[in-house]
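**Q** Generate a structure from the sequence data that follows.
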Amino acid sequence: MITTELLTCPQCDSAEVTLAHVQTFMANTLEHYCHSVKVQDSDSPARCLICGWVGRHEQLNGYRSN
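**A** You can find the predicted model right below:
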């Protein structure tokens with residue numbers, strides 16, 4: 001993902017934010033099932049490393065949907 005504007009935390013305005021990539025596995029075999037959430041998805045889990053805010057990618061300041 002290429003962005004010209006920094007994404008920042010909606011609570012403290014820090015740019016020290018992370019996005020999570022979520023994968024799903026079968027419970028009994030541990031076989032990979034799918035990539036259920038990718039970092040570019042609007043509902044990707046987001047976290048601020050400074051204040052601890054937790055939310056979604058789309059809630060970050062500067063988020064723009066494609």
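**Q** any chance you could map the strands in this protein?
**A** Secondary structure of the chain, counting by DSSP state E: strands at 17-19, 22-25, 32-37, 45-48, 54-56.
**Q** what's the most buried one of these?
**A** The highest mean neighbour count among the strands of the chain, using mean count of other Cβ atoms under 10 Å, belongs to strand 45-48: a mean of 18. (C-beta placed from N, C-alpha, C; glycine too.)
**Q** Setting aside sequence neighbours, what's the nearest residue to the residue nearest the centre of the chain?
**A** Nearest to the mean C-alpha position of the chain, counting by Cα atoms, centre = their mean, stands Leu19 at 2.8 Å. Once flanking residues are discounted, Leu19 sits nearest to Val39: 4.3 Å by Cβ to Cβ, 6 or more residues apart in numbering.
**Q** if we can go back for a sec, tell me the bridge partners for the residue nearest to the centre of the chain.
**A** In this entry, Leu19 is beta-bridged to Ala46, by DSSP bridges.
**Q** Contact partners for it?
**A** Applying Cβ atoms under 8 Å, 6 or more residues apart in numbering, we find Leu19 in contact with Val39, Ser44, Pro45, Ala46, His57.
**Q** From Asp41, how far out is it?
**A** Applying Cβ to Cβ, to the nearest Å, the value for Leu19 to Asp41 is 9 Å.
**Q** tell me the contacts of the residue lying closest to Cys34 once chain neighbours are set aside?
**A** Closest residue in space to Cys34, ignoring its immediate chain neighbours: Thr24 at 5.2 Å, by Cβ to Cβ, 6+ apart. Neighbouring residues of Thr24 by Cβ under 8 Å, 6+ apart: His32, Tyr33, Cys34, His35, Ser36.
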